[in-house]
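[1] Sequence first, then the predicted structure, then my questions.
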Amino acid sequence: MAFTSQTASRLEEQAIELPSWAFGNSGTRFKVFTQPGVPRDPFEKIADAAQVHKHTGLSPTVALHIPWDKVDDYAALREHAEDHGVALGTVNSNTFQDDDYKLGSLAHRDPTIRRKAIDHHLECIDIMDMTGSRDLKIWLADGTNYPGQDDMRGRQDRIAASLEEIYARIGDEQRLVLEYKIFEPAFYHMDIPDWGTSYAQVSALGERAVVCLDTGHHAPSTNIEFIVMQLLRLGKLGSFDFNSRFYADDDLIVGAADPFQLFRIIVEVIRGGGYGEEGDTAFMLDQCHNIEDKIPGQIRSVLNVQEMTARALLIDLPSLDAAQAAGDVLTANGTMMDAFYTDVRPDLATWRQERGLPADPIAAYAASGYQQKIAADRVGGTQAGWGA
Ligand code: PSV
Ligand code: MN
Ligand code: MN
């Protein structure tokens, strides 16, 4: 199937949320490389994120991380975003950078620590009310390092009770999104290590509690698209944190390590009704750009997602269905591969031009002078929060 006007209009339904932390300095536990011109506050992070949307038309919202993006006046932040042509998106909580949470947050045995962690989430919901955000995303660093360190069952029960209290405060138009991660920072067990645990926890809460699938949070060789299929089938795939990895939680540019995996994931999103206007699955990036420039790194990322979406939209579904029904293994697989191997880049350049966007967003950004301007104007930019 060729790139048609129908493909073009389905691509208009795409929105990919950017993480505010992608624009700050970041690194590994070995070294944080500082870059000239990085934002000094959340306002500047949003201005940078707006550059990505301006050049691609793909990223109308920016996710916040509290307390990294704490400000005195959220109405002003919201207005600032709107002035820059974007809106504020998901609010991410943070219970992993405080000494009190050494042994856990929502799972902690001590009710005063649990209270503090729950209250942090209630504060995040207050912020969502001011920013107009729909989603509260919770990723917990909770877990243990040694067998016997704590009672895993008790921790699971305490998380359930804590989440119940947080969920009770979620507004009618808001959602609680629970992310899972196989390991790190805890290494013996994580309290929310996999989609099944996240699914069990959110299912107990109610309709507006859903799962976040971070593509970097699985064991090597995990069939992630199977999880996508299953969560969509169960009506619980709330969002993606897209990034790519070679080894662990690498947070590299989405589609860089394994574009075919990204393609397969998006095929299942479309198949499961999670894409665009018909679906409720939010696309977000969760990445850091440690050694490359951050704004063009984000531009490349959203273009990679768009490119794999376009290829996924090209699958000849009637032929695929016929081949599957006939048990014609090679034709069925070949139909998928024909779409995957189609170079859609010229069509996407045209798609952009037809919508008043630059054919080559990375070149247009480089020519805009924005990078030089922020390097000259901003001194002493912030750290994204990682690799400190
Ligand atoms: C930690 O692994 C993590 O990368 C999770 O993926 C969160 O989504 C992100 O940090 C931001 O809190
Ligand atoms: Mn994530
Ligand atoms: Mn992660």
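    Yep, it's here. Numbers count the residues shown, from 1 in each chain. Ligands and ions are numbered 1, 2, ... in the order given.

[2] Whether the one helix or strand Met128 maps to contacts ligand 1 - can you check?
    Applying DSSP states H and E as the criterion places Met128 in helix 111-131. No. Interface with ligand 1: helix 111-131 contributes nothing (CB under 6 Å from any ligand atom), its closest point being 11.9 Å away. For the C-beta atoms, the positions are set from N, CA and C on the backbone; glycine is no exception.

[3] need the residues of this structure near ligand 1, please.
    Asn92, Trp139, Glu179, Lys181, Asp214, Asp241, Asp249, Asp286.

[4] how about these in a markdown table, adding secondary structure?
    Output for these, formatted as a markdown table (DSSP: H, G, I helix; E, B strand; the rest coil):
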| residue | secondary structure |
| --- | --- |
| Asn92 | strand |
| Trp139 | strand |
| Glu179 | strand |
| Lys181 | coil |
| Asp214 | strand |
| Asp241 | strand |
| Asp249 | coil |
| Asp286 | coil |
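
[5] Quick check: end-to-end length of stretch 27-43?
    Using CA to CA, to the nearest Å, one end of stretch 27-43 lies 22 Å from the other.

[6] hmm, who's touching it?
    The contact list for stretch 27-43 (CB atoms under 8 Å, 6 or more residues apart in numbering) reads 20, 23-26, 45, 47-48, 64, 68-71, 77, 80, 288, 290-291, 293-294, 371, 373-383, 386-388.

[7] Can I get the buried part of these as one ChimeraX selection?
    Filtering those down to the buried ones (16 or more other CB atoms under 10 Å) takes a single ChimeraX command:
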select :20,23,24,25,26,45,47,48,64,68,69,71,77,80,288,290,293,294,371,374,378,381,382,383,386,387
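
[8] What separation is there between Ala384 and ligand 2?
    13 Å (CB to the ion, to the nearest Å).

[9] quick one: the helices in the stretch 1-150 of the chain?
    5-11, 42-56, 74-83, 111-131 (DSSP state H, counting those that start in this stretch).

[10] Could you point out which of those helices sits nearest ligand 2?
    Of all the helices of the stretch 1-150 of the chain, it is helix 111-131 that lies closest to ligand 2, at 15.6 Å by CB to the ion.

[11] residue ranges for the strands of the stretch 51-200 of the chain, please.
    61-65, 87-92, 135-139, 143-144, 175-179, 189-190 (DSSP state E, counting those that start in this stretch).

[12] now the stretch 251-388 of the chain
    Going by DSSP E, counting those that start in this stretch, the stretch 251-388 of the chain shows strands at 282-285.

[13] Close to ligand 2: what parts of the stretch 151-300 of the chain are there?
    The stretch 151-300 of the chain comes close to ligand 2 at residues Asp214, Asp241, Asp286, as judged by CB under 5 Å from the ion.

[14] Can you name the residues bridging to the second one?
    Each beta-bridge partner of Asp241 is listed here: Asp214, Met284, as defined by DSSP bridges.

[15] hey, C-alpha coordinates of the helix holding Met128 in CSV?
    Presented in CSV, the C-alpha positions along helix 111-131 are these (Å, rounded to 0.1, in the frame of the first residue of the first chain):
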residue,chain,number,x,y,z
PRO,A,111,3.3,5.4,58.1
THR,A,112,4.9,8.9,58.4
ILE,A,113,7.0,8.2,55.3
ARG,A,114,4.1,6.8,53.5
ARG,A,115,2.1,9.8,54.4
LYS,A,116,4.8,12.1,53.0
ALA,A,117,4.9,10.1,49.7
ILE,A,118,1.1,10.2,49.4
ASP,A,119,1.0,13.9,50.2
HIS,A,120,3.5,14.5,47.4
HIS,A,121,1.2,12.9,45.0
LEU,A,122,-1.8,14.9,46.2
GLU,A,123,0.3,18.0,45.7
CYS,A,124,1.1,16.8,42.1
ILE,A,125,-2.7,16.6,41.5
ASP,A,126,-3.2,20.1,42.9
ILE,A,127,-0.6,21.2,40.3
MET,A,128,-2.4,19.3,37.6
ASP,A,129,-5.5,21.2,38.4
MET,A,130,-3.6,24.4,37.9
THR,A,131,-1.7,23.3,34.7
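
[16] Quick one: distance of it to the chain centre.
    21 Å (CA atoms, centre = their mean, to the nearest Å).

[17] likewise stretch 285-301?
    So, by CA atoms, centre = their mean, the centroid of stretch 285-301 is 13 Å from its chain's centroid.

[18] Can you give me the first-to-last residue distance of it?
    End-to-end distance of stretch 285-301 (CA to CA): 8 Å.

[19] From the centroid of this structure, which residue is nearest?
    Asp241 (2.5 Å; CA atoms, centre = their mean).

[20] which residues does that residue contact?
    Contacts of Asp241 were listed using CB under 8 Å, 6+ apart, and they are Glu179, Cys212, Leu213, Asp214, Thr215, Gly216, His217, Met284, Leu285, Asp286.
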